[in-house]
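> with the sequence up front, the predicted model follows.
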Amino acid sequence: MNKFLIKEIFKIYGGVSGLTERIIYENQAEEEEDNISVFSSATEKTFFLPKIDRNAIIETSPIKFFSKEKKYIIVARNGKAGLMNIIENIDFTINDHAYIFEIKKNFIGKIDLKYFILKYQKTFLDFVTSKDSNGTFSKEIAENYEVELPSIAIQNEILEEKKALENIKAKLENIINLLDEKNKVFMEGKSFLLGDLFLHFQGHQLTDKEIYDNVGSYPVLSGADNEPKGFINTPLFKDKKKLPCLIYQTKGNNEFKSKVVNGLFNANNTAVLYIKKSKKNIVNIDYIQLVIAHNMKLSISGQEGVSYIDTKILNTEIFLPSIEEQNRIVKKTSELAKIKDTLHKKIDSIDTQLTKQIIL
């Protein structure tokens, strides 16, 4: 595989100094076709400004412009420093917040700009002087960096594989979105307040030391976390008739988190709902969890955007279809969740393959 310095492959141009909004307004061509686009460090789109006359003179010098007959890479000098994009099929100029990379004559047909960006975008971000908003892309470092250049056939093969993988990924993501939309539909039924169906209980504030000093087999759960905080020797309820329970976080950032627990457990300062004895034959707790997970919104307390919800949940109105219909919906949702999990794993696999492409 051949290796070259970037400056051997590209001519690198700086932008037009002094190309301000006022200058652009003062240099409008009489004929629209003589106006050209202005690009800046916001590389993915043109400036939200009028075009400028290609024949404009700034401080006694004509502006530098680039022809639609060629393809270029534009690199943000600051702002989104190091970000690359391709510009083609348009006459344009740039201000001094960007650089233009133009393929030198003897490399035309030997390099695909899309391949170059795929391979070296991360590297170009490393050429930025600092990682904050004041970072500046270093042209001097970039132009003396050595890159590997496989044959154009291999470049095209890698790009085609990337395109195929991205198409598959997009289709998988679309299927997941369709499953999510389908799963948001719940049948109407008789109206209940959650307080009609459930009793509310609050967990304990258990410290790490308390858990350590009383180690046992009962998980200490929190509505916000997937993993137990630890294991303790006493359950929250010794009465198994109160199972299963729905536990949920009482504060968060506008995202309601909950889960159903079927075995004995303890709870660390979280909220617990369990079905009233008189309602057990009409309620599937997994169905309730699905409904409130899709529809519950936390109420803002006004303290730095943190939201709180506790017994207010008992005033939430829900509609219960028959227990048979609840069971059917829970079963169908579980099946869809398994399909989504499989799709997500395939997407993760595709992302891994795309990452491998970049480091080839």
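Ah, there it is. Numbering: from 1, shown residues only.
> check the gap between K240 and G263 for me.
To G263, K240 is 9 Å away according to CB to CB, to the nearest Å. To be clear about C-beta, it is placed using only N, CA and C from the backbone, and glycine gets the same treatment.
> tell me how far L113 lies from F107.
11 Å.
> between those two, which one's more packed in?
Taking neighbours as other CB atoms under 10 Å, L113 and F107 compare with L113 leading, 19 against 13.
> if I read this right, that one contacts V75, doesn't it?
No: the pair L113 / V75 is not scored as a contact, 11.7 Å apart, by CB atoms under 8 Å.
> low pLDDT regions in the chain?
1, 42-49, 132-133, 182-187, 252-255, 295-310, 356-360 (pLDDT under 70).
> and the residue nearest the centre of it, what does it touch?
When the chain is reduced to its mean C-alpha position, the closest residue under CA atoms, centre = their mean turns out to be E173, at 12.7 Å. By CB atoms under 8 Å, 6 or more residues apart in numbering, E173 lies in contact with I347.
> quick check: it is in a helix.
Yes: assessed with DSSP: H, G, I helix; E, B strand; the rest coil, E173 lies in a helix.
> mind checking how far it is from L354?
Counting by CB to CB, the gap from E173 to L354 is 14 Å.
> how much space between E8 and K110?
12 Å.
> check L290 too.
Taking CB to CB, one finds L290 at 56 Å from K110.
> out of those two, which sits in the busier spot?
Shown here are L290 and K110; by other CB under 10 Å, L290 has more neighbours (21 against 16).
> right, and that one touches I329 too?
Yes: between L290 and I329 there is a contact under CB under 8 Å: 7.1 Å.
> how far does the biggest helix by length in the chain sit from the chain's center?
The longest helix of the chain (DSSP state H) is helix 323-359. Centroid displacement of helix 323-359 relative to its chain, using CA atoms, centre = their mean, to the nearest Å, is 17 Å.
> okay, buried residues for it please.
Q326, I329, V330, T333, K340, L343, I347, I350, Q357 (16 or more other CB atoms under 10 Å).
> likewise stretch 166-181?
Within stretch 166-181, the residues scored as buried using 16+ other CB under 10 Å are K169, L172, I176, L179.
> what's the most distant pair in those?
K169 and L179 (15.7 Å; CB to CB).
> got the phi/psi numbers for G230?
Backbone torsions for G230, taken as degrees, to the nearest 10, come to phi 160, psi -170.
> ok, now how distant is it from F137?
According to CB to CB, G230 stands 49 Å off from F137.
> ok, these two, which is more surrounded?
Between G230 and F137, counting by other CB under 10 Å, F137 is the more crowded of the two (25 against 18).
> and the helices in this protein, which stretches?
Using DSSP H, helices in the chain cover 6-9, 21-26, 113-126, 139-143, 152-183, 194-197, 208-213, 285-295, 323-359.
> the residue nearest to F198 when sequence neighbours are not counted bridge partners, please.
The shortest distance from F198 to any residue other than its chain neighbours is 4.1 Å, reached at L273 (CB to CB, 6 or more residues apart in numbering). On the basis of DSSP bridges, L273 is bridged to H200, L246.
> who touches L273 in this structure?
L194, F198, L199, H200, F201, C245, L246, I247, Y248, I313.
> just the buried subset of those, please.
L194, F198, F201, C245, L246, I247, Y248, I313.
> wouldn't G203 be in contact with V261 here?
No: G203 is beyond contact range of V261, at 11.4 Å (criterion: CB under 8 Å).
> tell me, how many residues neighbour the residue lying closest to P321 once chain neighbours are set aside?
Leaving aside its chain neighbours, P321 sits nearest to G189 (3.8 Å; criterion: CB to CB, 6+ apart). By other CB under 10 Å, the residues close to G189 number 14.
> what residues are up against G189?
F319, L320, P321, S322, E325.
> for it, what are phi and psi?
Note on G189: its backbone torsions stand at phi -160, psi -150 [degrees, to the nearest 10].
> could you do Q28 as well?
Dihedral pair for Q28: phi -100, psi 130, per degrees, to the nearest 10.
> same thing with G109?
phi 90, psi 0.
> I'd like the distance between it and A153.
For G109, the distance to A153 (CB to CB) stands at 11 Å.
> before we move on, the earlier item: now the contacts of G189 as TSV including distance to I23?
Output for those, formatted as TSV (distance: CB to CB, whole Å):
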residue	distance to I23
F319	63
L320	67
P321	67
S322	72
E325	68
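> most surrounded residue in those?
Ranked by the number of neighbours (other CB under 10 Å), those place L320 first, at 23 neighbours.
> show me what contacts it?
Applying CB under 8 Å, 6+ apart to L320 gives the contacts G189, K190, F192, L197, I282, V283, Y287, Q326.
> try K70
Contact analysis of K70 by CB under 8 Å, 6+ apart lists E88, E102, I103.
> which residues touch L149?
Neighbouring residues of L149 by CB under 8 Å, 6+ apart: M1, N2, K3, F4, I9, K110, I111.
> can we see that at 10 Å?
Going by CB atoms under 10 Å, 6 or more residues apart in numbering, L149 touches 1-4, 8-9, 107, 110-111, 115-116, 119, 155.
> same thing with I339?
I339 is in contact with I175, I176, L179, counting by CB under 10 Å, 6+ apart.
> quick revisit: which one of the buried ones among the contacts of L273 is nearest to L83?
Y248 (41.2 Å).
> is it true that that closest one touches A293?
Yes: between Y248 and A293 there is a contact at 9.2 Å, judged by CB atoms under 10 Å.
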